[in-house]
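J.: from the sequence below, what's the structure:
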Amino acid sequence: MFIRRLITQKNEGLYTVEGALTIVIFTALIMMLLSIIMIIETEVEVQSAINQTALQLSQYSYAVGNEVDITTSEETTLKGIIQNAKREAVGFTMGSALCEMLIRDRVDEKAVSQIDGGFFGIDFSFSNILGDGKTITIIAIYKINVNTFGLVDKTLNICQKAQTVAWLPYYADTLASPDLAQGGNGSIWNETNFARGQYFVREEKEKSRECSVEPGQGIDLYYKSSGKVVEVYSLNVFDSSYSYNDGDLSKASDYSPNEESIKKQINRYVKEYKKDISDCGSSITMESGAEEKFSPKEKELIIIVPSEAKGQEAFESVFDNLKSEIKSKSGIDLKIVFSEDAL
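T.: Residues are numbered from 1 along each chain as shown. Reported below is the predicted structural model:
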């Protein structure tokens, strides 16, 4: 009996030690997991901020390049860069300060508290604004001290990048020229998605200048008299993501639509469009600077596709089905516009 009691007490002691070790290991793993989550949160916060800033600078570029009235210090700085963009690579010297100025307002200080030095520990000196006359590149370099409460002593060096084409008048006017197409046929459809999108948006805005909405709000056109809200997207239906090819790639008749992919992408545009309308709230700013009461009554989503798709029964059937489906589900009028050759 006495021996059994000693064995039981010994086992209980072992269980206590094992339990204590398990708790320590478990706690350490939880701490490391929390640290990883915080690092990911920081990276997401910084990436989102530099992406938005790159787009904002591109939008500023069009206004400043067209000599629209300068109203902010950011636009004043960008004007100096644009004036020199064709002559010398000034983007490195002026771009860093401009990036820091714009990005600071977009970053939650708490989300970047893990960065060594906080927000001011982020180095933007390798950013290049219009150094080649047309590209905006924002590079953020920083260090994060991994916080595991003394369990691990590690510093991560992180570099994040956002890049887009600036929407400059002297570039926009020649976007579809063979010189700017990368190894293609000189079509606007060979340009980046962003450049192509801005090109078509600008074309649609030129048709209704008085209804043009200030960039950055998602919505492209707003007809205040009727409450009609328009957003413009483009989709190259001859891209391999949206069609199958049975020939030499040079004729529209050689392509057949990937209906599922086309529908999926256009439904994404519908979702973004609805969110943009929701985000506008009760007012919207026009390109003229006027603040208008926002009361959306008619909703139109314009999808611009290559001109060769017109008359192709298989593609037009997909478009017609989508028009009916989207109208019945969300009340949005889908308008397909055929513009520019892609093949």
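J.: nearest residue to the middle of the protein?
T.: residue 51 (6.0 Å; Cα atoms, centre = their mean).
J.: wait, a helix at that one?
T.: Yes: according to DSSP: H, G, I helix; E, B strand; the rest coil, residue 51 belongs to a helix.
J.: got the contact list for it?
T.: residue 162 (Cβ atoms under 8 Å, 6 or more residues apart in numbering). No exception for glycine: its C-beta is placed from N, CA and C like everyone else's.
J.: look up how far residue 166 lies from it.
T.: If you measure residue 51 against residue 166 using Cβ to Cβ, to the nearest Å, the figure is 15 Å.
J.: for residue 127, same thing?
T.: 13 Å.
J.: for residue 107, same thing?
T.: 23 Å.
J.: and for residue 230?
T.: 24 Å.
J.: of these two, who's got more company?
T.: For residue 230 versus residue 166, the count of surrounding residues by other Cβ atoms under 10 Å is larger for residue 166: 29 against 22.
J.: show me what contacts that one?
T.: So residue 166 contacts 57, 58, 61, 130, 134, 135, 136 (Cβ under 8 Å, 6+ apart).
J.: narrow these to those that are buried.
T.: 57, 58, 61, 130, 134, 135, 136 (16 or more other Cβ atoms under 10 Å).
J.: which one of the residues you listed is nearest residue 251?
T.: residue 134 (32.2 Å; Cβ to Cβ).
J.: against residue 128, how distant is the residue lying closest to residue 312 once chain neighbours are set aside?
T.: Nearest residue to residue 312, sequence neighbours excluded (Cβ to Cβ, 6 or more residues apart in numbering): residue 252, at 5.3 Å. Residue 252 sits 39 Å away from residue 128 when distances are taken as Cβ to Cβ.
J.: ok so, going back, from the buried ones among the contacts of residue 166, which two are the most distant?
T.: 57 and 134 (12.2 Å).
J.: for the stretch 101-250 of the chain, which segments count as helices?
T.: Per DSSP state H, counting those that start in this stretch, the stretch 101-250 of the chain carries helices over the ranges 169-172, 193-207.
J.: want to throw the ones you listed into a markdown table with mean neighbour count, mean pLDDT and distance to residue 98?
T.: As requested, those are exported to a markdown table (neighbours: other Cβ atoms under 10 Å; pLDDT from 0 to 100; distance: least, Cβ to Cβ, whole Å):
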| stretch | mean neighbour count | mean pLDDT | distance to residue 98 |
| --- | --- | --- | --- |
| helix 169-172 | 17 | 47 | 19 |
| helix 193-207 | 17 | 81 | 19 |
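J.: who's in contact with residue 135?
T.: 128, 163, 164, 165, 166.
J.: helices and strands of this protein: which one bottoms out on pLDDT?
T.: Between all helices and strands in the chain, the lowest mean by mean pLDDT, DSSP states H and E belongs to helix 169-172, at a mean of 47.
J.: and which of the contacts of residue 135 is nearest to residue 245?
T.: residue 165 (27.6 Å).
J.: touching, that closest one and residue 195? I think so.
T.: Yes: the pair residue 165 / residue 195 is scored as a contact, 4.3 Å apart, by Cβ atoms under 8 Å.
J.: what is the neighbour count of the residue nearest to residue 118 when sequence neighbours are not counted?
T.: Computed as Cβ to Cβ, 6+ apart, the closest residue to residue 118 that is not its neighbour in sequence is residue 112, at 6.2 Å. Applying other Cβ under 10 Å, we find 22 residues neighbouring residue 112.
J.: also residue 250?
T.: Residue 250, neighbours per other Cβ under 10 Å, totals 9.
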